[in-house]
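S.K.: here is my input; please provide its structure:
(one chain, ligands or ions: 1)
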Amino acid sequence: MDFVTLGLIVFTSLLVYAHYRFTKKSLNVPPCPVRPWPIVGHLLTLKADQRPQLQQWREQCGDIFSIYLGSKLLVVINDFDLIRDTFVKRADDFSDRPIMFIDENMGDLGRGIVFTSGQLWKEQRSVALSTLRKFGFGKNILAERIQEEVSHYLDQLKDSGGKPVDIKRITIESTANIICSILTGKRFDYNDTTFQRLLLEIEVFFSSNQQAAVVTFFPFLKYLPGHQKLVQNVKSIINIMKDFIVKSKDKDPEDNFIASYVAERDSRIASGETTTMDEMNLLRSVFDLINAGTETTTTTICWFVLYMLNYPQVQKKIYDEINTQIGSGHVPGIQDRPKLVYLNAAIKETQRLASILPQSVVRICSKTLNIRNYTIPEGSFIAPNLDSVLLDKNIWGSDADVFNPDRFIDAKGQLKKPEEFIPFGVGRRVCLGESMAKTELFLYLSSLIQRFHLLPVHPDQPPPMDYIHGITMIPKPYQLKLIERNHT
Ligand code: HEM
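M.R.: Here you go, the predicted structure:
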């Protein structure tokens, strides 16, 4: 990039910034916690871990405040009632998503499920959901498929022979295999080279996502060399997805998601229906489902195990419950879920406290709107701060920052289902994979505790509960020992 180009970029950014500052001041946008800098806005003010900072800004500014990411306005919504009023009661206004940087590298903008809006999003989401239902979403067939994968997972873990092991990689392999087998009709051998390449690229994708987000706010950064690596990464994932589609699309529509999508598209076209179903949307939906369905579940499992190492009394109570309610004669199945109240409570408590997607997935305002007398200009980003609900002391009590599964159990010993428990988001864009994720979490974690005693590598020195602030809040890498329990 030469100096003239650089000068033009800086000059244009200043003009854009001045325009935004001037117009937004007169528009009464929600308050900023601190004054934004020219060009970069609050990007340099944001700390590496923004969670405590957002909490502090909420105390300072109230339930709604503004942050400038470059010249882009991001409005942060806090508090359960305000989040519900905005994203559920006014879903028509607040259900769109912005187009993100990666779309550019797909050769087509705004395709698939996660980063689309309007009619296209509605059709792609509804097709994805109805197709996934055919393959067992919300039914026992999916649970059986997951259970089969869990048994491979436990065998892999057993191979650690009680030596220190980091379970993250094995867990990603296993959860990715479930979604890949639904999409393509085929489960992969863990050593399959294409599968290993896919997992590696997904890991790179997730770890470089913050960098990717910055490019969304400063498109000129795409000319810097580091960015090319990201582009290459996305292209590699896309090529693997294309290969999945080529190999799966001509199979029986009952065999896999891809073939079923293609058959449905052909039938809509044949009957003269106007449809957004095409190869590009299929490609991007497959990409979305693998990305959204792998990292989130894996991260939650890794958090649960970390809590078990730090709270051995909770682990013992879960094991005792499994022993009493199920015994060791068979692995827990989905029909056992209602019996394991304490385990279910511990899973909920993990999701609440770990809050792995603290600001959910960002939305965009497609027209100028008002919230509590503030103006939210067209094109602004808007995010529900799930942390502000999941960690709220007014909802969960003064020990909201302590891991305590009992808070989800009522006086009669029944599982509580508070409406403020929103780790899967809210409104029309609520997680599409919620039922699958819940089934996975129950089957993986019940089997894990039934089969192994989870121990820290150094007795009485459990790994710290630190995390890395990526696209999800990932526990810092840690090891543990898995000691097989005595089975009768
Ligand atoms: C513990 C696991 C999971 C958590 C905590 C989680 C959480 C979330 C959250 C917070 C959102 C954004 C919702 C919003 O904008 O309000 C989301 C969206 C989404 N999730 Fe999940 N998720 C999980 C597992 C899964 C799985 C297993 C799948 C797929 C098989 C999946 C697919 C999706 C998709 C496609 C979207 C975008 C929905 C849309 O924009 O219409 N998720 N998820």
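S.K.: now do Pro477 against Ser207, distance only.
M.R.: 12 Å (Cβ to Cβ, to the nearest Å). Heads up, the C-betas are built off the backbone N, CA and C, glycines and all.
S.K.: again with Ile258
M.R.: Counting by Cβ to Cβ, the gap from Ile258 to Ser207 is 27 Å.
S.K.: the more surrounded of those two?
M.R.: Ile258 (27 against 14; other Cβ atoms under 10 Å).
S.K.: next one, pLDDT for the more buried one please.
M.R.: What the model reports for Ile258 is a pLDDT of 96.
S.K.: change the start of the numbering to 231 and stick with it
M.R.: Sure, I'll start numbering at 231, so the last one becomes Ile488.
S.K.: spell out which parts of this structure neighbour the ligand.
M.R.: Residues of the chain that fall close to the ligand, judged by Cβ under 6 Å from any ligand atom: 343-344, 355, 409, 518-519, 522-523, 526-527, 530, 586-587, 590-591, 653-657, 659-663, 666-667.
S.K.: which helix runs longest in the protein?
M.R.: helix 509-540 (DSSP state H).
S.K.: contacts for the next helix or strand after that helix?
M.R.: Heading C-terminal from helix 509-540, the first helix or strand you meet, by DSSP states H and E, is helix 542-555. Around helix 542-555, the neighbours that count as contacts under Cβ atoms under 8 Å, 6 or more residues apart in numbering are 537-539, 562, 566, 569-573, 576, 633, 635, 676, 679-680, 683-684, 715.
S.K.: just the ones of these in strands?
M.R.: 683-684 (DSSP state E).
S.K.: out of the contacts of helix 542-555, which sit inside helices?
M.R.: Judged by DSSP H, these include 537-539, 571-573, 576, 676, 679-680 as members of helices.
S.K.: and these, which two are furthest apart?
M.R.: Leu539 and Val571 (22.4 Å; Cβ to Cβ).
S.K.: count of residues packed around Leu429?
M.R.: Count around Leu429 with other Cβ under 10 Å applied: 20.
S.K.: quick check: it touching Ile402?
M.R.: Yes. If you go by Cβ atoms under 8 Å, Leu429 and Ile402 touch, sitting 5.8 Å apart.
S.K.: would you map the strands across the chain?
M.R.: Using DSSP E, strands in the chain cover 294-299, 302-307, 593-594, 599-601, 604-606, 611-614, 682-686, 697-699, 703-705, 710-714.
S.K.: now the third one, how far from the centre of its chain.
M.R.: Using Cα atoms, centre = their mean, to the nearest Å, we find the averaged C-alpha position of strand 593-594 to lie 16 Å away from the chain's own average C-alpha position.
S.K.: which other helices and strands does that strand contact?
M.R.: strand 611-614 (3 or more Cβ pairs under 8 Å, 6 or more residues apart in numbering; DSSP states H and E).
S.K.: ok, back up a step: buried set for the longest helix of the chain?
M.R.: For helix 509-540, burial by neighbour count (16 or more other Cβ atoms under 10 Å) applies to 511-539.
S.K.: quick one: average confidence on it?
M.R.: Helix 509-540 carries an average pLDDT of 95.
S.K.: just how off-centre is it within its chain?
M.R.: The chain centre lies 6 Å from the centre of helix 509-540; the measure is Cα atoms, centre = their mean.
S.K.: and that helix with helix 542-555, angle?
M.R.: Put simply, helix 509-540 runs at 100 degrees to helix 542-555, going by axes from the mean of the first three to the mean of the last three Cα atoms, to 10 degrees.
S.K.: that older thread, out of the residues of the chain next to the ligand, which sit inside helices?
M.R.: Within the residues of the chain next to the ligand, membership in helices is found for 355, 409, 518-519, 522-523, 526-527, 530, 666-667, as judged by DSSP H.
S.K.: max pairwise distance over those: which two?
M.R.: Largest separation among these by Cβ to Cβ: Arg355 and Thr530, giving 22.4 Å.
S.K.: of all the residues in this structure, which one is nearest the ligand?
M.R.: Gly663 (2.1 Å; Cβ to the nearest ligand atom).
S.K.: mean neighbour count for the strands of the chain - can I get that in TSV?
M.R.: Converted to TSV, these look like this (neighbours: other Cβ atoms under 10 Å):
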stretch	mean neighbour count
strand 294-299	23
strand 302-307	22
strand 593-594	22
strand 599-601	16
strand 604-606	19
strand 611-614	23
strand 682-686	19
strand 697-699	15
strand 703-705	19
strand 710-714	18
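S.K.: hey, least reliable of these by pLDDT?
M.R.: The stretch with the lowest mean pLDDT among the strands of the chain is strand 697-699, at a mean of 87.
S.K.: what's around the residue lying closest to Arg495 once chain neighbours are set aside, how many residues?
M.R.: Using Cβ to Cβ, 6 or more residues apart in numbering and skipping the chain neighbours, the partner closest in space to Arg495 is Met507 (3.8 Å). Close neighbours of Met507, defined as other Cβ under 10 Å, add up to 21.
S.K.: look up phi and psi at Met507.
M.R.: phi -70, psi 120 (degrees, to the nearest 10).
S.K.: in contact with it: list those residues for me.
M.R.: 353-354, 357, 491, 494-495, 498.
S.K.: ok, those vs Met330, which is closest?
M.R.: Relative to Met330, the closest of the contacts of Met507 is Gln354; by Cβ to Cβ it sits at 15.7 Å.
S.K.: show me what contacts that closest one?
M.R.: For Gln354, the contacting residues are 341-343, 346, 506-507, 511, 515, by Cβ under 8 Å, 6+ apart.
S.K.: now do the helices in the stretch 381-530 of the chain.
M.R.: Using DSSP state H, counting those that start in this stretch, the helices of the stretch 381-530 of the chain run over residues 398-414, 423-437, 439-447, 455-478, 487-500, 509-540.
S.K.: so the residue of the chain closest to the ligand touches Gly523, yeah?
M.R.: Yes. Between Gly663 and Gly523 there is a contact under Cβ under 8 Å: 5.2 Å.
S.K.: any stretches of this protein with poor pLDDT?
M.R.: 231-256, 331-339, 367-370, 438-457, 717-718 (pLDDT under 70).
S.K.: just want the most central residue of it.
M.R.: Centroid-nearest residue in the chain, with Cα atoms, centre = their mean: Thr526, separated by 4.6 Å.
S.K.: check contacts around Lys706.
M.R.: Lys706 is in contact with 693-694, 696-698, counting by Cβ under 8 Å, 6+ apart.
S.K.: rerun that using 10 Å as the cut-off
M.R.: Lys706 is in contact with 536, 693-698, counting by Cβ atoms under 10 Å, 6 or more residues apart in numbering.
S.K.: tell me the phi and psi of it?
M.R.: The phi/psi pair for Lys706 (degrees, to the nearest 10) is phi -60, psi 150.
S.K.: what does the one 3 residues further on give?
M.R.: Dihedral angles of Gln709 (phi, psi; degrees, to the nearest 10) stand at phi -120, psi 160.
S.K.: test my guess that it contacts Val395.
M.R.: Yes. With contact defined as Cβ atoms under 10 Å, Gln709 and Val395 form a contacting pair (6.0 Å).
S.K.: what touches both of the two?
M.R.: What both Gln709 and Val395 touch, as defined by Cβ under 10 Å, 6+ apart, is the set Val687.
S.K.: how much space separates Asn600 from Thr316?
M.R.: From Asn600 to Thr316 the distance is 11 Å (Cβ to Cβ).
S.K.: list residues touching both of the two?
M.R.: With Cβ under 10 Å, 6+ apart as the test, Asn600 and Thr316 both reach 323, 606.
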